[in-house]
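Student: task: produce atomic coordinates for the following.
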Amino acid sequence: MRPTLTFSSGYGRVLTVAAGVVALGAVVAVWVQDGAGEVLRALPLAGGVALAIWALFWRPAVVVSDGGVLVRNPFRSTHVPWPTYRGLTVQWSLVVHTTDGDVTAWAAPRSSGTAARMRRSSDDPVVAAPTQDARLPATAEDVAAAIDARHRELTDAGFLRDAERARTAGGIRPERHWHVATIAALLALTVAAVAVLATA
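Tutor: I've put the predicted structure just below:
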């Protein structure tokens, strides 16, 4: 079994931690200055901002495995089994083509022009995939290279020889799941924050 590669934004993780620290600091400042009663009023706004930044910048990822490609976006994830994979393109971000339409990866933006000119050589460990499960920085080009390499390896090894027949016989399709808990929590915190601000 080949390693599972998880591509996500290192910058997004730093931003999320920084936002969490700022939100916590704001709540502590309110507590020190105005007392515990005001903390309850500050929590919905601070919590909502921290949760939104986590959903937008920490959670998104693209996971490449022998089972397919998982595109985890802020509010919805799509698992693309290899029999449903139809290729990819790099536009403003990575776009995975499937039998049920296209899936855009929030976590894999295209490199800037400067970054493209400074592209790593082909013997870079990100391009030459690791030999064990790993978390790697996400750019559309690196993720595309990993997906293409994994698909080619599985095809060359014969694992996808009957993929089309298996797809039609088994009704295999990309699986989409909304992140219901995250959406509900954001809505609840937003409503609570608006209510607090309206009574300020």
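Student: who's in contact with Leu70?
Tutor: Going by CB atoms under 8 Å, 6 or more residues apart in numbering, Leu70 touches Ala61, Val62, Val63, Ser77, Thr78, His79, Val80. Backbone N, C-alpha and C define where each C-beta goes, glycine included.
Student: now for those residues, which pair is the farthest apart?
Tutor: Ala61 and Val80 (13.8 Å; CB to CB).
Student: wait, Leu15 touches Phe57, no?
Tutor: Yes: counting by CB atoms under 8 Å, Leu15 does reach Phe57; the two are 5.1 Å apart.
Student: quick one: which of those two has more around it?
Tutor: Between Leu15 and Phe57, counted using other CB atoms under 10 Å, Phe57 has the larger neighbour count: 20 against 16.
Student: so the more buried one: helix, strand or coil?
Tutor: Three-state call for Phe57 (DSSP: H, G, I helix; E, B strand; the rest coil): helix.
Student: for Val143, see how far away it is.
Tutor: Counting by CB to CB, to the nearest Å, the gap from Phe57 to Val143 is 17 Å.
Student: mean confidence (pLDDT) on the helix ranked longest in the chain, please.
Tutor: In the chain, taking DSSP state H as the definition, the longest helix is helix 10-34. What helix 10-34 shows for mean pLDDT is 91.
Student: which helices and strands sit right next to it?
Tutor: helix 36-53 (3 or more CB pairs under 8 Å, 6 or more residues apart in numbering; DSSP states H and E).
Student: tell me the buried residues in the helix it packs on?
Tutor: Of the residues in helix 36-53, 39, 41-53 count as buried by neighbour count, 16 or more other CB atoms under 10 Å.
Student: quick check: buried residues in stretch 153-168?
Tutor: Applying 16+ other CB under 10 Å to stretch 153-168 flags Leu154, Leu160, Ala163, Arg167 as buried.
Student: residues making contact with that stretch?
Tutor: Taking CB under 8 Å, 6+ apart as the rule, stretch 153-168 contacts Arg2, Asp66, Pro81, Trp82, Pro83, Thr84, Thr99, His151, Ile172.
Student: report the two of these separated the most.
Tutor: The widest separation within the contacts of stretch 153-168 (CB to CB) is 23.0 Å, between Arg2 and Thr99.
Student: what about the protein, any weak spots by pLDDT?
Tutor: The chain contains residues with pLDDT under 70 at 112-129, 131, 200.
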